[in-house]
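Chemist: Next input, structure requested:
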Amino acid sequence: MNDHESIKSVLQDWKIIQGSKLERLGNDYDSERRKRRISKNAAYSVCFSLTMKSGNSWFIFMSKAPSLSRYKDIRSVNLMAVAYYHAPDGLRAVKLNLSGLMTVFTWQVFSSYNEKAGLNLTEPEDIVEDFFHTNGYFESRLTDNAGSTSTLSICRSGMLPGEMQPDGWIMAKDFISRDEASQEQKETEEEILKTLQKDIEDELNKPDTDRDHYNFLTDLMKGISPDKRRD
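Modeler: Numbers count the residues shown, from 1 in each chain. Have a look, this model is predicted:
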């Protein structure tokens with residue numbers, strides 16, 4: 001299958017997962033936290049693995065939302081869904097975003113991440129899992145070029161240059177560390193963080209603050225800030 005066919009298959013999977021599996025996984029996560037007496041302050045990330053009839057594999061990550069100081073119950077759970085499949089160049093992954101902006105990650109992203117993070121992992125699935133365990137949040141900027149739109153996505157470990165596809169999703173093509181980023185890329189990151197901080201402050205200062213939107217922005221800011229791996 002090409003990327004368009006794979007994405008269609010992933011979206012069909014996601015409807016099934018939402019309809020019959022997410023509630024059970026959320027209850028399993030909540031039960032595990034309680035049985036292990038995990039501190040209410042701890043993020044405690046758990047990765048559930050699924051294999052669908054389509055042949056796609058999934059990682060469903062659950063943890064306490066970063067914006068919450070204490071875990072209360074299943075309503076405190078932060079969810080991230082990642083599907084992965086085999087392509088000619090290696091594993092590719094699809095991350096579904098709440099905003100609706102979907103990102104496809106090429107194998108080059110994971111290979112570069114494994115090398116530059118010094119992980120020395122050998123199993124492709126382990127590399128993909130570690131990447132998303134550490135990098136659960138992304139914020140992107142789009143730049144119009146002649147006939148195409150380039151993208152730069154910021155995450156906790158570094159940056160992902162890519163390209164917007166005609167169907168409206170991002171293709172992340174590589175992973176670069178902050179040490180090797182160009183001055184332009186560093187300035188883009190600084191702009192992203194300043195804009196996000198302003199959005200957080202503006203939302204908080206509204207007389208009718210949208211608490212869900214504020215929590216989303218706060219989660220995003222904490223999630224893309226560097227130098228802290230998720231626990």
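Chemist: CA atoms of the helix or strand hosting His86 as PDB?
Modeler: Per DSSP states H and E: His86 is located in strand 77-87. Only the C-alpha atoms of strand 77-87 are listed here, as PDB (Å, rounded to 0.1, in the frame of the first residue of the first chain):
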ATOM      1  CA  VAL A  77      -5.500  10.200  31.700                       C
ATOM      2  CA  ASN A  78      -3.700  11.700  28.700                       C
ATOM      3  CA  LEU A  79      -3.900   9.600  25.600                       C
ATOM      4  CA  MET A  80      -1.600   9.300  22.500                       C
ATOM      5  CA  ALA A  81      -2.300   6.900  19.700                       C
ATOM      6  CA  VAL A  82       0.400   5.800  17.200                       C
ATOM      7  CA  ALA A  83       0.000   3.300  14.400                       C
ATOM      8  CA  TYR A  84       2.900   1.800  12.600                       C
ATOM      9  CA  TYR A  85       3.300  -0.300   9.500                       C
ATOM     10  CA  HIS A  86       6.000  -1.600   7.100                       C
ATOM     11  CA  ALA A  87       7.000   0.500   4.100                       C
END
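Chemist: ok, then the element right after that strand?
Modeler: strand 90-95.
Chemist: residues of the strand holding His86 that come out buried?
Modeler: By 16 or more other Cβ atoms under 10 Å, the buried positions in strand 77-87 come out as Val77, Asn78, Leu79, Met80, Ala81, Val82, Ala83, Tyr84, Tyr85. Placement of C-beta: from N, CA and C, glycine included.
Chemist: and what of stretch 91-99?
Modeler: Quick answer for stretch 91-99 (16+ other Cβ under 10 Å): Leu91, Arg92, Ala93, Val94, Lys95, Leu96.
Chemist: okay, the residues you listed in CSV with distance to Asp208 next?
Modeler: Output for those, formatted as CSV (distance: Cβ to Cβ, whole Å):
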residue, distance to Asp208
Leu91, 45
Arg92, 42
Ala93, 38
Val94, 36
Lys95, 32
Leu96, 29
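Chemist: For the closest residue to Ile60 other than its chain neighbours, give me its contacts.
Modeler: Counting by Cβ to Cβ, 6 or more residues apart in numbering, Phe48 is the residue found nearest to Ile60 once chain neighbours are left out, at 4.4 Å. Contact analysis of Phe48 by Cβ atoms under 8 Å, 6 or more residues apart in numbering lists Leu25, Asp28, Tyr29, Phe59, Ile60, Phe61, Met62.
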